[in-house]
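In: build the 3D model from these lines:
(4 chains)
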4 protein chains.
Amino acid sequence: MDYKLILQTIKNEVAALENTGNVATYIPELAKIDPSKFGMHLNCISSGEFNFGDCNERFSIQSISKVFSLTLAMTLMGDELFERVDVEPSGDPFNSLVQLEYEQGIPRNPFINAGALVISDILISKLENPKKEFIEFVRKLSGNPSIDINESVFNSELSNSFRNAALVNLMKSFGNIENAIEDILDFYIYQCSVSMSCAELSKAFEIYANSGASFNSEEQIITSRKTKRVNAIMQTCGFYDEAGEFSFRVGLPGKSGVGGGIVAVHPGQYTVTVWSPPLNPKGNSELGMYALERLTTLTGLSIF
Amino acid sequence: MDYKLILQTIKNEVAALENTGNVATYIPELAKIDPSKFGMHLNCISSGEFNFGDCNERFSIQSISKVFSLTLAMTLMGDELFERVDVEPSGDPFNSLVQLEYEQGIPRNPFINAGALVISDILISKLENPKKEFIEFVRKLSGNPSIDINESVFNSELSNSFRNAALVNLMKSFGNIENAIEDILDFYIYQCSVSMSCAELSKAFEIYANSGASFNSEEQIITSRKTKRVNAIMQTCGFYDEAGEFSFRVGLPGKSGVGGGIVAVHPGQYTVTVWSPPLNPKGNSELGMYALERLTTLTGLSIF
Amino acid sequence: MDYKLILQTIKNEVAALENTGNVATYIPELAKIDPSKFGMHLNCISSGEFNFGDCNERFSIQSISKVFSLTLAMTLMGDELFERVDVEPSGDPFNSLVQLEYEQGIPRNPFINAGALVISDILISKLENPKKEFIEFVRKLSGNPSIDINESVFNSELSNSFRNAALVNLMKSFGNIENAIEDILDFYIYQCSVSMSCAELSKAFEIYANSGASFNSEEQIITSRKTKRVNAIMQTCGFYDEAGEFSFRVGLPGKSGVGGGIVAVHPGQYTVTVWSPPLNPKGNSELGMYALERLTTLTGLSIF
Amino acid sequence: MDYKLILQTIKNEVAALENTGNVATYIPELAKIDPSKFGMHLNCISSGEFNFGDCNERFSIQSISKVFSLTLAMTLMGDELFERVDVEPSGDPFNSLVQLEYEQGIPRNPFINAGALVISDILISKLENPKKEFIEFVRKLSGNPSIDINESVFNSELSNSFRNAALVNLMKSFGNIENAIEDILDFYIYQCSVSMSCAELSKAFEIYANSGASFNSEEQIITSRKTKRVNAIMQTCGFYDEAGEFSFRVGLPGKSGVGGGIVAVHPGQYTVTVWSPPLNPKGNSELGMYALERLTTLTGLSIF
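Out: Have a look, this model is predicted:
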């Protein structure tokens, strides 16, 4: 497989496309990002790394962080975790309260905001120093101790978190939250504020392509069985209410963030990260979706 | 891989389980099925077939037929098909009118009843003799010209189709139905009334495990690209509002029916069918889910 | 009270207003109505009748007919009627299936389409010749044996009744419909196709202002207790999802139709009908609402 | 009208009834109320006062306070108030977030919790010392300077207000809240914690039966037009999702609270308060509903 040629083809195609999406604007730090940024990084188990564009520039990973926090929680807790958060696709926008109310405070899955807030609650209960242990977990996965949050993103989001506060309060009213509202919002916004590059994300996601261990590592971060489950949740729930579309077009488990990043995983083969800030109407990177669709088409490989 | 031993293990485990589900009762033909029936049939590309139990007894395939009708429609029509039916998981029970109303008559996906009714409408418009051409398509896929519908199932469902009539009428009011209501219900119920055995279903699903062609065949029934898409839809939408749970526990694309059948596909590896009539509260075969979860666990193989 | 002067004032004010609403267009017979038509007819128990404009021209009464059919059903059946249809405002548009599904086929009230279809079902079960007995009931209330349906409205609506068919089928699937779908739609559309003038409607509604008997009559059409209940339902449910607004602005029980008619009742005082075809976004006559608001303001009289 | 005899009849009937409702239990102060308490107080414009039972014992007025806060806000603000809160019945339980989300943060009416929280926000913006001015307004209406809140009710509710916090946060995310979340919850819970007796409530509600002025007073608290509007909102929205049922059975505008109190108003005739703590499944006093239904039946008087 000539991955180098394939990425060159995608690079040329993307350059010729008009990028009609819109950068997220709910906080100034995201609104001011240059919409023409584009990076792609492919990290193969057996054939090495391939990349182009702004693949080493850090951006706000936002909801991609939910994969890390779920993984960390699964290392600390058994299947009883899934009594507090379900694993079904939501069928509604990512921050909808409607389903949460009908379903008595049990979020549909860990990748909608409500579910990630429950995971935050779990981490706060289980960890001595939740923020520190979380960022160290991410640093370890990516092999880079310099990874950190963007402070101004953190502060902006903290002062603009009314909808997330509504979600936590609603779940607390149903008895599905243990810790103080403020602590949960503080931790959740912290995790969303992490900045990473495409290359760092592709590295950090290796465990999902390699049964729970980083490439060329013997250390099992999570069990093979749990890895399979995280991938299954990424497959059915990783893209808000566009999970089916992503599965249909790309055919890989993955996770997107409103910062314009998408990471996808081909178990046994590779991890891949794209970054392009303009989002389609459902909140996923428009050119990122395109680039990944072309990748699985040109390689002829998807999990299906 | 010792598939024979693995199936023997599953057989023993299933025999020891209490089957707490309930057989579907909305028509007498389903209600009177012996709940202790159990069949399993595994059909591997390279290692042949393995099976046990009632794997050659025909049962009502019900919603599993939706995979065949979608496939047939995709051979007759391009991507414009997906302007009339979406590919997103529904997050609501399989026959819900709620989403259909909010989403202006466009069903969430082709595997909920509303979506399958749109596919029926398409087949009626595109085919000269829809019922005959549909059953012949199924016979061809399964290599068995004796496959047919169960007439009494057909008649029972026809006289008990008020909710499906509500769905078609609602979609017609939104302009998403071309043909007469009665013709669509007649065809849709016909396709659901087909009877097949586990062995026949495993055979008929070979195209989904083999890029669009039956095992050992050179005839391409659908393109590789379209095969990938059907698998993606099975993955995210094949189990009503339990698609995430199936993906999470089993990790394969598949489709269930209220007759108690489930077919699953491991692309490049095998197809597998289980049949056990008692259903769990979400309408999927309880022991069937269990058997498939054990299969991917014991083989250590899933798409994730 | 100088009703003559008050109506003159309203006439002048209405003439000076721009009528920004839109005539209903779902069938050609309604779409082609002259939007500048305006009629008003006030029928006082003690002070006689006052009117102006097109108050003697017949128009399609549409949903106003639901008051007559409910009244007729209440003369034939006791409180068990309200086990099949509730008396709560709907909070959703008049033909929503959403609430009907969540509430298991029991319509919110007899004035949304679903509820009126249940009333149709009841009348078909209870009457020997439902259409004939219904129209004779309306003729009797209005004292005019020439009242009839508009045949072309009837035929147009019959060929465009998919959404109502969806509602009846859904309720039948929940067991809340006894008769054949076609018969119910036929009767329901018949009742909606009745043509009456403002003067005729004001006359026919006298029973609601006079404890169940027409003005100057000793014949009790329905009991005083049941009259009070019909008025209560008109008050809380008579204006689709604008019942609160009408109550707030006008302060009288009433009922509107998409033909542009509104009848309102001041128990013990008067009935009043206005007709102006252009509708506001919620489906109620725009100038009709205005005229009635002015009437209760200028007379200083409302039930509140 | 022999009101004395009528109340005696109601007293005897109520004594003979089994009270099958359940006292509210979400805070200990309400849970421990003696369920056999019953008081009724009728306050007629022209015939004086009639009462029986525990009509002078104070109880937690809870949501009845929403009438006072709406009235106070209407004295401070014109019709632009109704751009921030609608006047339509909700059709959903009193604290539902579903409608609020679909309707972009504009509550259905001022008597569901969300609407009352918007009114709290308005009062905080408009008043210098909101709590003090509110309680003084209630004291003035009831002519009793000793009226106050129950401190332990206030503290219990404050520590158990997650669902209300969810509502305010959601509305703030839609831009419909001006002040700090904590201040709004503090004020809202304060107003709900007021304790009053049936006699005091009947006195305080005189303005709604007398066009905006207390009986025998010349001071106009609110205009006649605004009084009519408050009554209209009580009529269509005063009883959570049982407004239609109350209108149907009792036929008067009114307001209930989970403390078991109900106040109703017959404009031009009387005010009436009942108190019986056990609630029906929709959250309204079971015997209170009964007593008021009997009152309008036995007097033969309702607004309809």
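
In: need phi/psi at the nearest residue to residue A:150 once chain neighbours are set aside.
Out: Leaving aside its chain neighbours, residue A:150 sits nearest to residue A:195 (4.8 Å; criterion: C-beta to C-beta, 6 or more residues apart in numbering or on different chains). In this view, the C-beta of every residue, glycine as well, is placed from N, C-alpha and C. Reported as degrees, to the nearest 10, the phi and psi values for residue A:195 are phi -110, psi 130.

In: distance of residue A:195 from chain D?
Out: Noted for residue A:195: a distance of 25 Å to chain D, by C-beta to the nearest C-beta, to the nearest Å.

In: what do you get for residue A:209?
Out: Distance, residue A:209 to chain D, by C-beta to the nearest C-beta: 37 Å.

In: got it, and residue A:290?
Out: To chain D, residue A:290 is 31 Å away according to C-beta to the nearest C-beta.

In: again, but for residue A:226
Out: For residue A:226 relative to chain D (C-beta to the nearest C-beta), the value is 32 Å.

In: ditto for residue A:173
Out: 4 Å.

In: isn't that residue up against residue D:169?
Out: No: the pair residue A:173 / residue D:169 is not scored as a contact, 12.0 Å apart, by C-beta atoms under 8 Å.

In: determine the set of other helices and strands touching the helix or strand containing residue A:200.
Out: If you go by DSSP states H and E, residue A:200 is part of helix A:198-204. Helix A:198-204 sits against strand A:39-44, strand A:48-53, helix A:130-142, strand A:261-266, strand A:270-275, with contacts defined as 3 or more C-beta pairs under 8 Å, 6 or more residues apart in numbering or on different chains; DSSP states H and E.

In: just the CA trace of the following helix or strand past that helix, in PDB.
Out: Following helix A:198-204 in sequence order, the next helix or strand is helix A:206-209 (DSSP H and E). Only the C-alpha atoms of helix A:206-209 are listed here, as PDB (Å, rounded to 0.1, in the frame of the first residue of the first chain):
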ATOM      1  CA  GLU A 206      -2.400   3.600  19.300                       C
ATOM      2  CA  ILE A 207      -3.900   1.600  22.100                       C
ATOM      3  CA  TYR A 208      -7.300   1.400  20.300                       C
ATOM      4  CA  ALA A 209      -5.600   0.000  17.200                       C
END
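
In: quick one: the helix or strand just after helix A:206-209 to chain centroid distance?
Out: Using DSSP H and E, the next helix or strand after helix A:206-209 towards the C-terminus is helix A:224-237. Centroid displacement of helix A:224-237 relative to its chain, using C-alpha atoms, centre = their mean, to the nearest Å, is 13 Å.

In: same question, stretch A:225-242
Out: Relative to the chain's own centre, stretch A:225-242 is displaced by 10 Å; criterion: C-alpha atoms, centre = their mean.

In: same question for stretch A:217-235.
Out: Chain-centre distance of stretch A:217-235: 15 Å, with C-alpha atoms, centre = their mean.

In: quick one: the strands in chain A?
Out: For chain A, the strands defined by DSSP state E occupy A:39-44, A:48-53, A:59-60, A:148-149, A:194-196, A:254-256, A:261-266, A:270-275.

In: closest to residue C:115 out of those strands?
Out: strand A:254-256 (44.5 Å; C-beta to C-beta).

In: on that earlier part again, do you know which of the helices and strands packed on helix A:198-204 lies nearest residue B:30?
Out: If we rank those by C-beta to C-beta, the stretch that ends up nearest is strand A:261-266, at 40.1 Å.

In: show me which residues of the stretch 51-200 of chain A are close to chain D?
Out: Counting by C-beta under 8 Å from any C-beta of the partner chain, the stretch 51-200 of chain A comes close to chain D at A:96-98, A:101-102, A:162-163, A:165-167, A:169-170, A:172-173, A:181.

In: care to break chain A down by domain?
Out: Following automatic domain parsing, one finds the domains of chain A at A:3-60+A:196-299, A:63-192.

In: which one of those domains lies closest to residue C:114?
Out: Going by C-beta to C-beta, the one of the domains of chain A nearest residue C:114 is domain A:63-192, 21.2 Å.

In: for that closest one, measure first residue to last.
Out: 6 Å (C-alpha to C-alpha, to the nearest Å).

In: show me how far that domain is from its chain's centre.
Out: That offset, for domain A:63-192, works out to 12 Å (C-alpha atoms, centre = their mean).

In: which secondary structure element of chain A has the lowest mean pLDDT?
Out: Lowest by mean pLDDT, DSSP states H and E among the helices and strands of chain A is helix A:98-102, with a mean of 79.

In: fine by me, we can end here.
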